[in-house]
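A.B. asks: A predicted structure for the sequence below; I have some questions about it.
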Amino acid sequence: MNTDQFLVRSTLHHVEKTSYSWQTPSNIALVKYWGKSNPQIPKNASISFTLKNCHTTTSILFEKKKTSKDVAFDLFFEGTRKEEFKPKIAEFFTRIKAYCPYIFDYKMTINSENSFPHSSGIASSASGLSAIAMCLMNLEKEINPILSADFINQKASFLARLGSGSASRSIEGPLVVWGKHPDIENSSDLFGVKFPYKVAPIFENYQDTILLVDKGEKQVSSTVGHGLMHNHPYAENRFTQATKNLTKLSEILQKGEVKSFIHLVESEALTLHAMMLTSAPYFILMKPKTLEVIHKIWMYRQKNDSNLCFTLDAGANVHVLYPKKEKKQVQQFISEELAVFCQNGQYIHDETSMGAKKLE
């Protein structure tokens with residue numbers, strides 16, 4: 001893996017003070033990755049839908065410092081200073097120091113907010129860290145104007161990955177692959193790439209309603225969960241399975257085989273949680289209402305010959321996926337029969353998007 005391409009080599013222009021704002025979305029993996037090695041290298045490739053409505057908006061003010069020994073930043077979330085968030089961001093800045101040495105020349109003031117409720121159970125690390133990465137690359141473009149748009153997106157994905165693996169998939173869209181895979185052209189463990197093949201019309205503008213089943217703090221963090229794959233008895237078989245499933249999903253997306261899509265995506269979600277159930281120590285992130293929602297989805301699909309399906313992240317919430325042509329019927333089903341399983345009746349209608357967006 002060649003990371004040298006992301007080192008800063010040319011002479012940089014002088015910028016005294018500037019600011020940038022970016023809106024970057026969350027994403028939901030269809031083929032999951034669970035297990036990684038340092039520095040943030042996935043044990044298998046994954047593919048995700050980039051979302052639209054679940055996003056983070058981040059602004060960073062850069063002000064030149066007199067000394068440049070240490071990283072210096074203030075962090076505000078939804079208007080409130082958040083000292084408890086700073087250690088993770090400080091660690092991220094330390095990890096990217098070799099690739100963005102210029103940030104140590106600036107005092108940074110970071111203001112961030114989510115479009116979705118805080119502590120809603122939707123992972124904000126993907127959208128949050130990708131937004132920071134895009135602001136940093138905006139600065140790098142200003143002090144090094146020769147950078148191309150493609151390089152900026154690629155390096156932003158590379159940087160975001162060093163903070164949160166899934167953040168590498170939030171720069172572009174609507175389908176992004178992260179991890180080296182033999183059937184995905186130009187795929188890499190270092191950054192996400194857009195799915196390089198044309199998908200069938202049924203998979204365009206795909207819908208995702210996130211059911212907020214449980215908004216509490218997870219019993220086990222994703223970082224700990226990934227670590228438990230190191231000595232997992234089924235790890236190698238899982239990595240092989242995921243690789244094969246991505247090959248299958250690539251063909252499914254291109255051919256429009258929606259029934260096969262349903263089977264593969266739901267199997268992937270359940271396999272992810274099966275890895276949690278069989279790790280040492282074992283743990284359960286699904287809740288009883290998660291299972292009730294799944295059974296309701298299966299019953300609705302059978303009764304109505306629908307193409308809706310579910311997927312899960314590393315938590316209790318359920319993502320209900322469905323083609324746009326079924327939007328009216330499925331959303332009525334959600335409001336009438338699934339909302340009751342959501343905490344405070346909360347759910348978020350979303351759909352696929354093209355990724356990060358600069359705000360003027």
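C.D. replies: Good, I have the coordinates. Residues are numbered from 1 along each chain as shown.
A.B. asks: Strands of this structure, residue ranges please.
C.D. replies: 17-31, 36-37, 41-42, 46-64, 72-77, 80-81, 106-114, 175-178, 192-194, 207-211, 309-312, 318-322, 347-351, 357-359 (DSSP state E).
A.B. asks: And the first one, how far out from the chain middle?
C.D. replies: Think strand 17-31. Using CA atoms, centre = their mean, to the nearest Å, the distance from the centre of strand 17-31 to the centre of the chain it belongs to is 9 Å.
A.B. asks: List the strands paired with that strand, with their directions.
C.D. replies: Partner strands and pairing direction for strand 17-31 (DSSP bridges) are strand 46-64 (antiparallel), strand 357-359 (antiparallel).
A.B. asks: what mean pLDDT does the last one have?
C.D. replies: Confidence for strand 357-359, expressed as mean pLDDT, is 97.
A.B. asks: cool, stretch 312-331 as well?
C.D. replies: Averaged across stretch 312-331, the pLDDT comes to 97.
A.B. asks: List the buried residues of it.
C.D. replies: For stretch 312-331, the neighbour count (16 or more other CB atoms under 10 Å) marks 312-324, 330-331 as buried. Any C-beta I mention is one placed from the backbone N, CA and C, and that applies to glycine too.
A.B. asks: could I get the strands of the chain as JSON lines with distance to Ala167?
C.D. replies: Formatted as JSON lines, the strands of the chain follow (distance: least, CB to CB, whole Å):
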{"stretch": "strand 17-31", "distance to Ala167": "8"}
{"stretch": "strand 36-37", "distance to Ala167": "13"}
{"stretch": "strand 41-42", "distance to Ala167": "12"}
{"stretch": "strand 46-64", "distance to Ala167": "10"}
{"stretch": "strand 72-77", "distance to Ala167": "17"}
{"stretch": "strand 80-81", "distance to Ala167": "23"}
{"stretch": "strand 106-114", "distance to Ala167": "13"}
{"stretch": "strand 175-178", "distance to Ala167": "9"}
{"stretch": "strand 192-194", "distance to Ala167": "9"}
{"stretch": "strand 207-211", "distance to Ala167": "18"}
{"stretch": "strand 309-312", "distance to Ala167": "19"}
{"stretch": "strand 318-322", "distance to Ala167": "18"}
{"stretch": "strand 347-351", "distance to Ala167": "18"}
{"stretch": "strand 357-359", "distance to Ala167": "16"}
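A.B. asks: Alpha carbons of stretch 339-358, in CSV - could you do that?
C.D. replies: Extracted as CSV, the C-alpha positions of stretch 339-358 are listed here (Å, rounded to 0.1, in the frame of the first residue of the first chain):
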residue,chain,number,x,y,z
ALA,A,339,-43.4,3.5,14.3
VAL,A,340,-44.8,2.0,17.4
PHE,A,341,-41.6,0.0,17.9
CYS,A,342,-39.5,3.2,17.7
GLN,A,343,-38.4,5.2,20.7
ASN,A,344,-40.8,8.2,21.0
GLY,A,345,-42.1,7.1,17.6
GLN,A,346,-39.0,8.5,15.9
TYR,A,347,-37.9,7.5,12.4
ILE,A,348,-36.1,9.3,9.6
HIS,A,349,-36.9,9.0,5.9
ASP,A,350,-33.8,9.0,3.8
GLU,A,351,-32.5,8.1,0.4
THR,A,352,-29.2,7.7,-1.5
SER,A,353,-27.2,10.8,-2.4
MET,A,354,-23.9,11.8,-4.2
GLY,A,355,-21.9,12.6,-1.0
ALA,A,356,-20.1,15.6,0.4
LYS,A,357,-21.4,19.1,-0.5
LYS,A,358,-19.5,22.4,0.0
